[in-house]
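>>> return a 3D structure for these sequence lines:
(one chain, ligands or ions: 2)
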Amino acid sequence: MTVQIAPSILSANFAALGDAIAAVERGGADLIHVDVMDGHFVPNITIGIPVVRSLKRIASVPLDVHLMITDPDRYIEAFAEAGASMISVHVEVLPHLHRTVHAIKALGAKAGVVLNPATPVGALEQIAGDVDFVLVMSVNPGFGGQTFIPRSDLKVMEVRAALDRAGNTVARIEIDGGIDIETAPRVVAAGARILVAGSAIFHSSDPERATRDLKAAAAGALPAVPRLARDAPGRPRGAN
Ligand code: DX5
Ligand code: ZN
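Ligands and ions are numbered 1, 2, ... in the order given. I've put the predicted structure just below:
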């Protein structure tokens, strides 16, 4: 499984989102991460459905929409229709998480569930077999530019184990908050395969290059690919 880079436009210049997206796409961005905040679930207000619709027209890569809102059930259909390819919802606000996850899938989007830093991995237990991805928050959601919470890489390992126990080996783990070229290798080594990065990319002087550098740092931490059988020691040279 490769590592995907998902620049978070939260740290970009909102007056020039098209330029921001073009730059990170040139740098190899795999997804565009869109942070939707309602001022209730988190203490900040950002963007909503019309912005996702506009971004969809200009982005070449899929839109990964992270809903930090108290009532996602009311809005998932609108976000999917606006062009969200991936929609993630916080387990902390959803008493009927199973219904919500399957509603996202029925709309044709990939369904992710998000764990806040203080939310235990056990919250995933009954839904781990149903999700397309799990988003581990490595900061408390609400703002860009916060410091990575150190224990988060261990949490990624616990989430990977929970997914594997449920037989869901294809589900990716996404991580969000304080990701840069210092923290990226350790979260990839722990099992993260989608890295969200806002300030590390858009507060740099060259977001294209920052995307490329982050991708290289992440790829360098992937486990080594098993050697091909034909390279195995003891096999006669020239044998097919
Ligand atoms: C925080 C958001 C993040 C944010 C990350 O609530 O979910 O996606 O943009 O920003 P950095 O990478 O600066 O920590
Ligand atoms: Zn986010």
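
>>> use CA for all of it now, contacts and neighbours both
Noted.

>>> where does pLDDT dip in the protein?
Confidence mapping of the chain against pLDDT under 70 gives the ranges 227-240.

>>> how about the strands in the chain?
Under the criterion DSSP state E, the chain carries strands at the ranges 4-7, 32-37, 63-68, 84-90, 110-115, 133-137, 172-176, 194-197.

>>> and the first one, what does it pack onto?
The one in question is strand 4-7. Counting contacts by 3 or more Cα pairs under 8 Å, 6 or more residues apart in numbering; DSSP states H and E, strand 4-7 packs against strand 32-37, strand 194-197, helix 207-219.

>>> need these in a markdown table with mean neighbour count and distance to P185, can you?
Conversion of the helices and strands packed on strand 4-7 to a markdown table gives the following (neighbours: other Cα atoms under 10 Å; distance: least, Cα to Cα, whole Å):
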| stretch | mean neighbour count | distance to P185 |
| --- | --- | --- |
| strand 32-37 | 24 | 20 |
| strand 194-197 | 28 | 10 |
| helix 207-219 | 22 | 5 |
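
>>> need these in CSV (columns: distance to ligand 1).
Supplementary listing: the helices and strands packed on strand 4-7 in CSV, determined by distance: least, Cα to the nearest ligand atom, whole Å:
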stretch, distance to ligand 1
strand 32-37, 6
strand 194-197, 4
helix 207-219, 12
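
>>> relative to R74, which of those is closest?
Taking Cα to Cα, strand 32-37 is the member of the helices and strands packed on strand 4-7 nearest to R74, at 13.6 Å.

>>> put the alpha carbons of that closest one into PDB.
Output of strand 32-37 as PDB, limited to C-alpha atoms (Å, rounded to 0.1, in the frame of the first residue of the first chain):
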ATOM      1  CA  ILE A  32      -7.300  17.400  -1.500                       C
ATOM      2  CA  HIS A  33      -8.400  17.500   2.200                       C
ATOM      3  CA  VAL A  34     -11.300  19.900   2.900                       C
ATOM      4  CA  ASP A  35     -12.000  20.700   6.500                       C
ATOM      5  CA  VAL A  36     -15.600  21.600   7.200                       C
ATOM      6  CA  MET A  37     -16.300  23.200  10.600                       C
END
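
>>> off-centre distance for that strand?
The gap between the average C-alpha position of strand 32-37 and the chain average comes to 10 Å, counting by Cα atoms, centre = their mean, to the nearest Å.

>>> ditto for stretch 115-127
For stretch 115-127, the gap between its own C-alpha mean and the chain's C-alpha mean amounts to 16 Å (Cα atoms, centre = their mean).
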